[in-house]
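J.: here you go, sequence then predicted model.
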Amino acid sequence: MSSISRETTAIVLNSRDHGESDKIITFYTRDFGKITGIAKGANKSKKRFLNKLELFSHLALSYQQKTHSSLVFVIEAELHSSFIEIRSNIESYVAATLIREVLLLATVEGEGDLKVFNLLHWALQSLADQRSDLEICTVFLLRLFDTLGYRPDFSHCCRCGNTFDVAEQYSFLQVGAGLVCSRCKEKVEGTLRDLSTGTIRLLHSALTDPLDRLHRLKFSRQAIRQSLPMLHSYGRSIFQRDIHSWKAVKKRLA
Ligand SMILES: [Zn+2]
């Protein structure tokens, strides 16, 4: 069986022991999307993999891929950053766990998307920098859904088509992935969540601003309480799966 050697930048999304000495690791890579690989001797080898394959580590990764096999062989890993701050702060860790779970749910092996990689890296770097964990979850989910083709529309009422107006009152309609104005509210069916105009403007900016300017957005407690449960529920409806780490994040909203 022939094999190809590859090098890329990767972030560890999952790690589990395999037998006594090996580890099975799932990465999100910059060039090839999500991949799963076996790191032979990772639990024994002192040098090659020591402290490099921890959750959320950002690595330069070399691996070999055999044709007709979905599992790759991890050859070497060099740390860019361990993001140790995330693993030593419970709030950052909870947020990163939600991000990791949603990304594992939402992506398919071997389909690379640079935007997704950059978003993941931005989210982990922001958590490591101790920025607001709930704000990062909100922005991450919103932009991930957008990248995957599920962009919510905050620019007009999805029923009457009228353009967003700060003097109007709106709710988010999950099935329409968009806003519904107060006049149309009675005429639609499905889950509605009220959003203040301030929250809507923030969400719009979080979708459209460049990644390196997102730290300028300041979500109030109310804006987070309105948008994060809405995005969780929207994500559940997209993937038709429970998001287990939501429970821990929800506690932070209380
Ligand atoms: Zn309307």
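T.: Okay, I see it. Numbers count the residues shown, from 1 in each chain.
J.: tell me the helices in the stretch 151-254 of the chain, going along the chain?
T.: In the stretch 151-254 of the chain, the helices defined using DSSP state H, counting those that start in this stretch lie at 197-208, 221-239, 246-253.
J.: show the average pLDDT along stretch 105-115.
T.: Stretch 105-115 shows a mean pLDDT of 93 in the predicted model.
J.: so where is the stretch 51-200 of the chain shaky, pLDDT-wise?
T.: Regions of the stretch 51-200 of the chain meeting the criterion pLDDT under 70 are absent.
J.: what's the closest non-adjacent residue to V175?
T.: Spatial nearest neighbour of V175, chain neighbours left out: G190 (4.2 Å); criterion: C-beta to C-beta, 6 or more residues apart in numbering. Using the backbone N, CA and C atoms, a C-beta is placed for each residue, glycine as well.
J.: start to end distance for stretch 10-27?
T.: 6 Å (C-alpha to C-alpha, to the nearest Å).
J.: buried sites along that stretch?
T.: Within stretch 10-27, the residues that qualify as buried are 10-13, 15, 22-27, counting by 16 or more other C-beta atoms under 10 Å.
J.: stretch 81-88 too?
T.: The neighbour-count check on stretch 81-88 (16+ other C-beta under 10 Å) flags 82-83, 85-87 as buried.
J.: give me the subset of those lying in helices.
T.: Among the buried residues of stretch 81-88, the members falling in helices (DSSP state H) are 85-87.
J.: rebuild those residues as CSV, extending it with distance to the ion.
T.: Converted to CSV, those look like this (distance: C-beta to the ion, whole Å):
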residue, distance to the ion
E85, 45
I86, 42
R87, 46
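J.: mind listing the helices for the stretch 1-150 of the chain?
T.: Under DSSP H, counting those that start in this stretch, the stretch 1-150 of the chain gives helices at 84-87, 90-106, 114-128, 133-147.
J.: how about the residues of the stretch 101-250 of the chain by the ion?
T.: 157, 159-160, 181, 184 (C-beta under 5 Å from the ion).
J.: thank you kindly, that will do.
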